[in-house]
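1. What follows is a predicted structure for the sequence shown.
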Amino acid sequence: MTQKDRPAPSPHAGEPHTTTTVERGPFCLARCTCGWRGPARRARSLARADAAGHTHD
């Protein structure tokens with residue numbers, strides 16, 4: 001089961017999703033306070049786009 005196949009857990013009631021990007025060697029990935037993680041990307045802009053897509057779902 002890939003990360004995209006799993007439903008993202010909801011944050012605690014009333015808490016907004018807060019995303020950040022994390023660098024791991026040559027890769028960057030998006031993370032959220034709800035536990036969601038995006039795929040590792042070489043381009044920071046793609047990781048930021050993943051995060052923006054998650055918060056707008």
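-> Sure, I can see it.
2. alpha carbons only for contacts and neighbour counts from here, please
-> OK.
3. Show the average pLDDT along stretch 33-53.
-> Stretch 33-53 carries an average pLDDT of 95.
4. Report the buried residues of stretch 33-53.
-> When burial is assessed from 16 or more other C-alpha atoms under 10 Å, stretch 33-53 yields the following buried residues: 33-34, 36-41, 44, 46-48, 50-51.
5. all strands of this structure, in order?
-> 19-24, 27-32 (DSSP state E).
6. how much does the first one deviate in direction from strand 27-32?
-> The directions of strand 19-24 and strand 27-32 differ by 150 degrees, with axes from the mean of the first three to the mean of the last three C-alpha atoms, to 10 degrees as the criterion.
7. which strands and helices sit next to strand 19-24?
-> Applying 3 or more C-alpha pairs under 8 Å, 6 or more residues apart in numbering; DSSP states H and E, we find strand 19-24 packed against strand 27-32, helix 44-55.
8. With the last one instead?
-> When contacts are defined as 3+ C-alpha pairs under 8 Å, 6+ apart, strand 27-32 sits against strand 19-24, helix 44-55.
9. Which one of the strands of the chain lies nearest to residue 55?
-> Closest approach to residue 55 among the strands of the chain is made by strand 19-24 (7.6 Å; C-alpha to C-alpha).
10. Measure how far the closest one is from the centre of its chain, please.
-> From the chain centre to the centre of strand 19-24 is a distance of 8 Å (C-alpha atoms, centre = their mean, to the nearest Å).
11. got the buried residues for that strand?
-> Using 16+ other C-alpha under 10 Å as the test for burial, strand 19-24 gives 19, 21.
12. Direction included, what does it pair against?
-> Paired with strand 19-24 in the same sheet, following DSSP bridges, are strand 27-32 (antiparallel).
13. Could you tell me which residues within the partner strand count as buried?
-> In strand 27-32, counting by 16+ other C-alpha under 10 Å, buried: 28-32.
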